[in-house]
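>>> Starting from these lines, generate the structure:
(2 chains)
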There are 2 protein chains.
Amino acid sequence: MKVVVKVGGRILKEGLDNILESVAGLYRSGYRVVFVHGGGDVVTEYCKKMGIESKFVVSPSGIRSRYTDRQELEVYVMVMAGLINKTVVARLERREVKAVGLCGADASIAEAERKKRILVVDEKGRKRIIEGGYTGRIVRVNTEIVETLLKQGYVPVVAPIAIGDGELLNVDGDQMASRLAVGISADALVFLTDVPGIIYEGKLVRKLSTKEAEALAQKIGFGMNRKVMLAAEAVEQGVSRAIIASGMVDNPVERALRGEGSVIES
Amino acid sequence: MKVVVKVGGRILKEGLDNILESVAGLYRSGYRVVFVHGGGDVVTEYCKKMGIESKFVVSPSGIRSRYTDRQELEVYVMVMAGLINKTVVARLERREVKAVGLCGADASIAEAERKKRILVVDEKGRKRIIEGGYTGRIVRVNTEIVETLLKQGYVPVVAPIAIGDGELLNVDGDQMASRLAVGISADALVFLTDVPGIIYEGKLVRKLSTKEAEALAQKIGFGMNRKVMLAAEAVEQGVSRAIIASGMVDNPVERALRGEGSVIES
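Numbering: from 1, shown residues only, chains lettered A, B, ... in the order given. This is a model prediction of the structure:
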């Protein structure tokens, strides 16, 4: 049983040990786990400490996203591949889980395409073309090393950094998890969040087909809509099921695998 | 042919691409290379950017060393395992060298003992016992993962961080290189520095036995004396030879392996 678990920044801060306890439990039961983390909030925090202002851009369709210049990329790499990644590794090792921290640049696990130029809307509502910054979209994963580690009983811990034209690039952690899950033909892809799953019209959506998930993604808030799309994509590409669930409960990964949360199956 | 190459902070800054070109050349010729880096200067630089003052302590025998508190450990981990480690990986990958960046906490490659309390001499010359900080001495290496990576054609790039009681610890990069070389039974351990080798009485010392190295270590400057001791230790414990050489010349690793520098053999 191979499982990719993605944990976002907010619950990393508040619930990391709880989640790692759950990962350790699965590991001891023989599950093979890949752990993908985010941490954007921590990057913003350290940028502030260094007097670097985080920049955000707005696309013509109204989507606001982080803009990564050279200086911020350095902080991004330090926080993601350094601080967060190795903290997770140390806390797993402390639980006698053999863990290896990596990012997508290692062994070119994740190759990304950097957007050379992007179209943004400025403060005055005017469209402008600017340099794309150090952000990328994952176009290819090479999971040989991840598979080797899993076979040898390690938990790969993966930071959301890819490589593109020999440069380190900031990539979306949810996308990393989705692509890796497809790459290793995972039995399950679990997104742990700070909500119980997909909430639509005030209610938790329990089960969805990929088609239903794609339709629903159009009607829900930003952030969750991306997760739902990436979850559906993974299932369409061979992952048995994707679950979006709460990371704030006891045994969050086991619960998610038991179906507590929103389960997307083909 | 297995080679461990250690590159210190100063030449990392000025000559990294030159050294990596040399590593890439060896890699293409079939050498198996482990790359260990330092980077203390960069840590100090980033501490300054964050308004953290680097602390140093002086031992009763007069040795001055960096003192790592919790806050500085974070910066240390960010810079070493994040920024420097992944920059090296990306630049190797750019040269089509398959590289995987790790630190000693990953898979518990390097286990260290943290000094709980240390004896220091304060500004007024008084001896005092203080908390040991997050610094460790490597007591054990577990090279299974390093060997696996080497066999599969990867260059492991290792940051000078170890794990001790489940905590990340700052360890000496030279010690990391020496222990890893012993752990994988390397054919050569190469320390690249900003000088041509061991200089004694104004001349480069070309060849030394381990006994001669240990005697000489007592008579030369701090920094180099540690390298010489660690080089001799590695050779005594089975590494065929250790070479201390310049990293500032063309093809520095090949030259070192041809014997340009100070060569320590049993």
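
>>> Mind telling me which residue of the stretch 1-150 of chain A is nearest chain B?
Across the stretch 1-150 of chain A, no residue is closer to chain B than A:Gly82, which sits at 2.5 Å (CB to the nearest CB). C-beta: built from backbone N, CA, C; applies to glycine.

>>> does chain B sit close to the host helix or strand of A:Glu45?
Using DSSP states H and E, A:Glu45 maps to helix A:40-49. Yes. Counting by CB under 8 Å from any CB of the partner chain, chain B is contacted by helix A:40-49 at A:46, A:49.

>>> Now that helix - C-alpha only, PDB.
C-alpha atoms of helix A:40-49 as PDB (Å, rounded to 0.1, in the frame of the first residue of the first chain):
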ATOM      1  CA  GLY A  40       4.400  29.300   2.300                       C
ATOM      2  CA  ASP A  41       3.500  31.100   5.600                       C
ATOM      3  CA  VAL A  42       6.900  30.300   7.100                       C
ATOM      4  CA  VAL A  43       8.600  31.600   3.900                       C
ATOM      5  CA  THR A  44       6.700  34.900   4.300                       C
ATOM      6  CA  GLU A  45       7.700  35.100   8.000                       C
ATOM      7  CA  TYR A  46      11.400  34.700   7.200                       C
ATOM      8  CA  CYS A  47      11.200  37.100   4.300                       C
ATOM      9  CA  LYS A  48       9.900  39.600   6.800                       C
ATOM     10  CA  LYS A  49      12.700  38.900   9.200                       C
END
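
>>> Between helix B:40-49 and it, find me the angle.
When axes from the mean of the first three to the mean of the last three CA atoms, to 10 degrees is applied, the directions of helix A:40-49 and helix B:40-49 differ by 80 degrees.

>>> In the stretch 151-266 of chain A, which residue sits closest to chain B?
A:Gly166 (3.1 Å).

>>> what sits against the most centrally placed residue in chain A?
In chain A, the C-alpha nearest the mean C-alpha coordinate belongs to A:Gly173, at 2.5 Å (CA atoms, centre = their mean). Counting by CB atoms under 8 Å, 6 or more residues apart in numbering or on different chains, A:Gly173 touches A:6, A:8, A:36-39, A:160.

>>> switch the cut-off to 10 Å
A:6-9, A:36-40, A:80, A:158-161, A:191 (CB atoms under 10 Å, 6 or more residues apart in numbering or on different chains).

>>> Cross those against helices and list the overlap.
Using DSSP state H, the members of these that fall within helices are A:9, A:40.

>>> and the two most separated of the contacts of A:Gly173?
A:Ile161 and A:Phe191 (18.9 Å; CB to CB).

>>> which one of the two has more residues nearby?
Counted by other CB atoms under 10 Å in any protein chain shown, A:Ile161 and A:Phe191 do not tie: A:Ile161 has more neighbours, with 31 against 28.

>>> And for that one, nearest residue in space, chain neighbours not counted?
Ranked by CB to CB, 6 or more residues apart in numbering or on different chains and with sequence neighbours excluded, the top spatial neighbour of A:Ile161 is A:Cys103, at 3.9 Å.

>>> count of neighbours near the one you found?
28.

>>> now do the one 10 residues further on
The criterion is other CB under 10 Å. On that basis, A:Glu113 has 15 neighbouring residues.

>>> For the stretch 151-266 of chain A, list the residues in contact with chain B, please.
Contact residues, the stretch 151-266 of chain A versus chain B (CB under 10 Å from any CB of the partner chain): A:151-157, A:159, A:161, A:163-169.

>>> Could you tell me which of the residues you listed are located in strands?
Assigned to strands by DSSP state E, the following of those qualify: A:155-157, A:159, A:161, A:163-164, A:167-169.

>>> Tell me which two of those sit farthest apart.
Distances among these were taken as CB to CB; the most separated pair is A:Val155 and A:Glu167, at 27.6 Å.

>>> where along the stretch 1-150 of chain A do the strands fall?
In the stretch 1-150 of chain A, the strands defined using DSSP state E, counting those that start in this stretch lie at A:2-7, A:32-37, A:55-58, A:64-67, A:99-103, A:110-114, A:117-121, A:127-131, A:136-141.

>>> For the buried ones among the residues of the stretch 151-266 of chain A next to chain B, write the corresponding ChimeraX selection.
Remark: buried members of those, expressed as a ChimeraX selection using 16 or more other CB atoms under 10 Å in any protein chain shown:
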select /A:154,155,156,157,159,161,163,164,167,168,169
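
>>> just the residues of the stretch 151-266 of chain A next to chain B now: which is nearest A:Ala256?
A:Val155 (16.6 Å).

>>> residues in contact with stretch A:112-119?
With CB under 10 Å, 6+ apart as the criterion, stretch A:112-119 contacts A:57, A:59-61, A:65, A:67, A:104-105, A:127-140, A:161-165, A:167-172, A:175-176.

>>> Could you list the buried residues of that stretch?
Result for stretch A:112-119 [16+ other CB under 10 Å]: buried residues A:112, A:114-115, A:118.

>>> got TSV for those residues, with pLDDT and distance to A:Lys98 too?
Below are those laid out as TSV (pLDDT from 0 to 100; distance: CB to CB, whole Å):
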residue	pLDDT	distance to A:Lys98
A:Ala112	98	28
A:Arg114	92	34
A:Lys115	83	37
A:Ile118	88	41
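
>>> Can you lay out the residues you listed as JSON lines showing distance to B:Val239?
Formatted as JSON lines, those follow (distance: CB to CB, whole Å):
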{"residue": "A:Ala112", "distance to B:Val239": "39"}
{"residue": "A:Arg114", "distance to B:Val239": "42"}
{"residue": "A:Lys115", "distance to B:Val239": "47"}
{"residue": "A:Ile118", "distance to B:Val239": "51"}
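
>>> of all the residues you listed, which comes closest to B:Val88?
Using CB to CB, the buried residues of stretch A:112-119 come closest to B:Val88 at A:Ala112, 19.0 Å.

>>> Could you report the pLDDT at the residue nearest to A:Asp250 when sequence neighbours are not counted?
Excluding the flanking residues, the one nearest A:Asp250 by CB to CB, 6+ apart is A:Asn18, at 7.2 Å. We have a pLDDT of 97 for A:Asn18.

>>> before we move on, what about A:Val171?
The predicted local confidence for A:Val171 is 96.

>>> Understood, closing this out.
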